[in-house]
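Trainee: have a look; sequence and predicted model below, questions after that.
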Amino acid sequence: MNLEQLKQDAKAALEDGRATLVIGFRDRASECVPAFVASADQADALTYDDTCIANTAAYLRKPEVRERRPVALVARPEVMRSLVLLKAENQLTDDDVLVLAVGGDTYHGVLTLSDVEALLNEQYAELAPEAETLAEIERLEAMTAEERAAFWAEQLAKCTRCYACRAACPMCYCERCIVERNVPQWISTAAREHGNYAWNVIRAFHLAGRCTECGACEAACPQGIPLMLLNSLVAREVRDTYGSRPGYDAEAEPVIGSWNKEDGEDFIR
């Protein structure tokens, strides 16, 4: 990948005022962590490789970032999908963000959100979960309903309710999450079996037709819960049932909150 060109583009965007902040990545010890570059002379610290897992779009909802728009983001295809989806949900406009677009070993340059939508459909239309995740989905589908329930009960029992998954996800942008509401309290806040199960399942359903499968939530989970397995299962059901591919069309209606008389009713028993 042409990292030097990415750095030069970041500098240029800051210098000519197209962006007041660049959100990308830098090296820290032996890991790649998010970087917030506010001046051109800091842009040389930017780096990028396949360990840069954080979804930079998640920072756009932060008040201190919102007030600095327009912002430039270093974004891989899954993150680009998040940006298009945020535009579809009226959380972003073309004037709010520039995209320093990367994909694998390729740097695509500085793009607008409209450019990003076109790039995704032309070159990244067939994004899929990791092979390991797909194999695990097949293993789960071969189980009985009771075996699957036991599997998820065991996994979700590990949850400490730290909400790192929520913080890492750009689509969790509610000002007040349902788990923080206590009048009435719909979900227990204690890190116990029932509340853990409710929290994780409800979050997965809130992401139905909205998850771009970036993997940031699972990477942030300190307990190693296979969140992408759950998200990918839901994403596949949504895709197979409704043909939804979130993050490819900024004009698309949301799966949750919209209705089509042609929708199938195979789920009715």
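Mentor: It's in.
Trainee: contacting residues around the lowest-mean-pLDDT helix or strand in the chain?
Mentor: Using mean pLDDT, DSSP states H and E, helix 193-206 stands out as the lowest-scoring helix or strand of the chain, at a mean of 88. With CB atoms under 8 Å, 6 or more residues apart in numbering as the test, helix 193-206 has contacts from 152-153, 156-157, 159, 161, 165-166, 172, 178-179, 187-189, 225, 227, 230-231, 234, 256. Every residue, glycine included, has its C-beta placed from N, CA and C.
Trainee: for the very next helix or strand once past that helix, name the packing helices and strands.
Mentor: Remark: after helix 193-206, the chain's next helix or strand is helix 216-220, criterion DSSP states H and E. The contact analysis (3 or more CB pairs under 8 Å, 6 or more residues apart in numbering; DSSP states H and E) places helix 216-220 against helix 164-168, helix 227-242.
Trainee: quick one: closest of those helices to residue 48.
Mentor: With respect to residue 48, and counting by CB to CB, the nearest of these is helix 164-168 at 18.2 Å.
Trainee: and the contacts of the closest one?
Mentor: 54-55, 58, 172, 177, 203, 216-222, 227.
Trainee: try it again at 10 Å.
Mentor: Helix 164-168 is contacted by residues 53-55, 58, 159, 172-174, 177, 179, 199-200, 203, 206, 214-223, 225, 227, 231 when judged by CB atoms under 10 Å, 6 or more residues apart in numbering.
Trainee: with stretch 137-150 instead?
Mentor: 129, 151-152, 197, 226, 229-230, 232-233, 236.
Trainee: thinking again about what came up before, would you mind checking the contacts of helix 164-168 for buried ones?
Mentor: Buried members of these, scored by 16 or more other CB atoms under 10 Å, are 53-55, 58, 159, 172-173, 177, 179, 199-200, 203, 206, 214-221, 225, 227, 231.
Trainee: returning to what we had before: now the contacts of stretch 137-150 as JSON lines including distance to residue 242?
Mentor: Compiled in JSON lines, these are given as follows (distance: CB to CB, whole Å):
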{"residue": "129", "distance to residue 242": "18"}
{"residue": "151", "distance to residue 242": "26"}
{"residue": "152", "distance to residue 242": "23"}
{"residue": "197", "distance to residue 242": "25"}
{"residue": "226", "distance to residue 242": "24"}
{"residue": "229", "distance to residue 242": "21"}
{"residue": "230", "distance to residue 242": "18"}
{"residue": "232", "distance to residue 242": "16"}
{"residue": "233", "distance to residue 242": "15"}
{"residue": "236", "distance to residue 242": "11"}
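Trainee: between all of those, which two are separated the most?
Mentor: 129 and 197 (22.8 Å).
Trainee: so where's the protein shaky on pLDDT?
Mentor: For the chain, the stretches flagged by pLDDT under 70 are 267, 269.
Trainee: show me the strands in it, by range?
Mentor: Counting by DSSP state E, the chain has strands at residues 21-28, 31-37, 71-75, 97-103, 106-111.
Trainee: among these, which comes closest to residue 3?
Mentor: The nearest among the strands of the chain, by CB to CB, is strand 106-111 at 7.5 Å.
Trainee: just list what that closest one packs against, helices and strands only.
Mentor: When contacts are defined as 3 or more CB pairs under 10 Å, 6 or more residues apart in numbering; DSSP states H and E, strand 106-111 sits against helix 3-15, strand 71-75, helix 77-88, strand 97-103, helix 113-123.
Trainee: and those as JSON lines, adding distance to residue 22?
Mentor: JSON lines is the format used below for those (distance: least, CB to CB, whole Å):
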{"stretch": "helix 3-15", "distance to residue 22": "5"}
{"stretch": "strand 71-75", "distance to residue 22": "5"}
{"stretch": "helix 77-88", "distance to residue 22": "14"}
{"stretch": "strand 97-103", "distance to residue 22": "7"}
{"stretch": "helix 113-123", "distance to residue 22": "16"}
